[in-house]
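Student: here's a sequence, model it:
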Amino acid sequence: MVVAAGDSEQAQALMGKTVAVLTGASYTQYCCVPVQACIVHHDGTTSHAAASSFVNPLTALGMVETMRMEGHTALVHTAAASSLGIMLNKVCIKEGVALVNIVRKQEQVDLLTKLGAKFVVNSSSESFKKDLYKAIDATGATLAFDAIGGGELAGDILATMEAVGSKEATGFNTYGSVDNKQVYIYGGLDFSPTLLNRAFGMTWSVGGWLLMRFLGKLKPARVGELYKRVADEINTTFAIESTVELSFEEAMTPEVIEKYNAKTTGGKYILNPNKG
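Tutor: Next up is the predicted model:
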């Protein structure tokens, strides 16, 4: 809650409001941030809900925003059964954006299908590459966001996009399909090298994507619109289904560290410095 603010009208309007803030000092008793680093929440929004405002909700919105800014029409997302993945599905379903979800377990396929996802492929299935081809062919996706980072998955996605893009090609062509195929690595669940088997022509790119650098490319008014949408939908589109609340002491317990470091689907933890 805002207990003090600067003299500007914009800052004074935050007095008494519950806000989410972007700062490296989240666990101090008080922190001072620019007004632009605040997401203002509606009356009745809990601090617990507001604490989850920035990274996952804005990343989901930022992926769709990036798609449109760069001229793509559909998305591929890996590790898609995560809390972020669920939010992204809700956004894409609501906005009619075709989304190919890549997961690694059948129960994750079932989870997203129940949510309403149309295209979910299981990377541990023997038919994974065939299933991925069918999904990319059906959606026309040429942009992927990869949370895995290491291994062959990014290359497999590019190769599949190329296979779809060049399926009707005729004549001799050593350069591949003309549509740009882009994979953004935004996470590092696998710390091994990213392996690219160059089977996707010459019109492609692999790069990194970070939320704050992306937001820095937008006009302030557009950032404000995204902030407002997060606040409006914090208990629906951007709700986190299950969390475990930890005190600082609990967070340093070895058996608890082992659980939250496992990066499993559905496991979210929130630190409450006032607990205990």
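
Student: CA atoms for contacts and neighbours, from now on please.
Tutor: Will do.

Student: tell me which element Lys130 is part of?
Tutor: helix 128-139 (DSSP states H and E).

Student: what does that helix rub up against?
Tutor: Contacts of helix 128-139 with the rest of the structure, by CA atoms under 8 Å, 6 or more residues apart in numbering, involve 74, 98-100, 119-123, 156-157, 160-161, 163-164.

Student: from the residues you listed, which ones fall inside helices?
Tutor: Asp156, Ile157, Thr160, Met161, Ala163, Val164 (DSSP state H).

Student: from Leu246, how far out is the closest residue to the third one other than its chain neighbours?
Tutor: So the one you mean is Thr160. Setting aside the residues directly before and after it, Thr160 is nearest to Tyr133 in space (CA to CA, 6 or more residues apart in numbering), at 5.7 Å. Tyr133 is 43 Å from Leu246, where distance means CA to CA, to the nearest Å.

Student: give the buried residues for the longest helix along the chain.
Tutor: If you go by DSSP H, the chain has its longest helix at helix 55-69. Using 16 or more other CA atoms under 10 Å as the test for burial, helix 55-69 gives Asn56, Pro57, Leu58, Thr59, Ala60, Leu61, Gly62, Met63, Val64, Met67.

Student: also stretch 9-29?
Tutor: By neighbour count with 16+ other CA under 10 Å, stretch 9-29 contains the buried residues Ala11, Leu14, Thr18, Val19, Ala20, Val21, Leu22.

Student: next one: that stretch to chain centre, how far?
Tutor: 24 Å (CA atoms, centre = their mean, to the nearest Å).

Student: what are the contacting residues of that stretch?
Tutor: The contact list for stretch 9-29, computed with CA under 8 Å, 6+ apart, reads 1-6, 31, 33, 35, 37-43, 45-47, 50-51, 53-54, 273.

Student: restricted to helices, list these.
Tutor: Per DSSP H, those map to helices at Ser47, Ala50.

Student: whichever of the contacts of stretch 9-29 end up buried, select them in ChimeraX.
Tutor: Listed next is the ChimeraX selection for buried residues among those, using 16+ other CA under 10 Å:
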select :2,5,35,38,39,40,41,45,50,51,53,54
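
Student: how far off centre is the helix holding Lys130?
Tutor: Counting by CA atoms, centre = their mean, helix 128-139 comes out at 21 Å from the chain centroid.

Student: given the helix or strand just after it, what are its sheet partners and their directions?
Tutor: Under the assignment DSSP H and E, the closest C-terminal helix or strand after helix 128-139 is strand 143-146. Under the criterion DSSP bridges, strand 143-146 sits next to strand 74-78 (parallel), strand 181-185 (parallel) in its sheet.

Student: chain center to the first one, what's the gap?
Tutor: Think strand 74-78. For strand 74-78, the distance to the chain centre is 10 Å (CA atoms, centre = their mean).

Student: show me where this protein has its strands.
Tutor: Assigned by DSSP state E, the strands in the chain fall at 19-21, 38-40, 74-78, 98-103, 119-122, 143-146, 149-151, 181-185, 190-194, 204-208, 244-246, 269-271.

Student: using JSON lines, lay out these together with distance to Ile257.
Tutor: Listed next are those as JSON lines, based on distance: least, CA to CA, whole Å:
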{"stretch": "strand 19-21", "distance to Ile257": "25"}
{"stretch": "strand 38-40", "distance to Ile257": "30"}
{"stretch": "strand 74-78", "distance to Ile257": "25"}
{"stretch": "strand 98-103", "distance to Ile257": "24"}
{"stretch": "strand 119-122", "distance to Ile257": "28"}
{"stretch": "strand 143-146", "distance to Ile257": "25"}
{"stretch": "strand 149-151", "distance to Ile257": "23"}
{"stretch": "strand 181-185", "distance to Ile257": "26"}
{"stretch": "strand 190-194", "distance to Ile257": "19"}
{"stretch": "strand 204-208", "distance to Ile257": "28"}
{"stretch": "strand 244-246", "distance to Ile257": "11"}
{"stretch": "strand 269-271", "distance to Ile257": "11"}
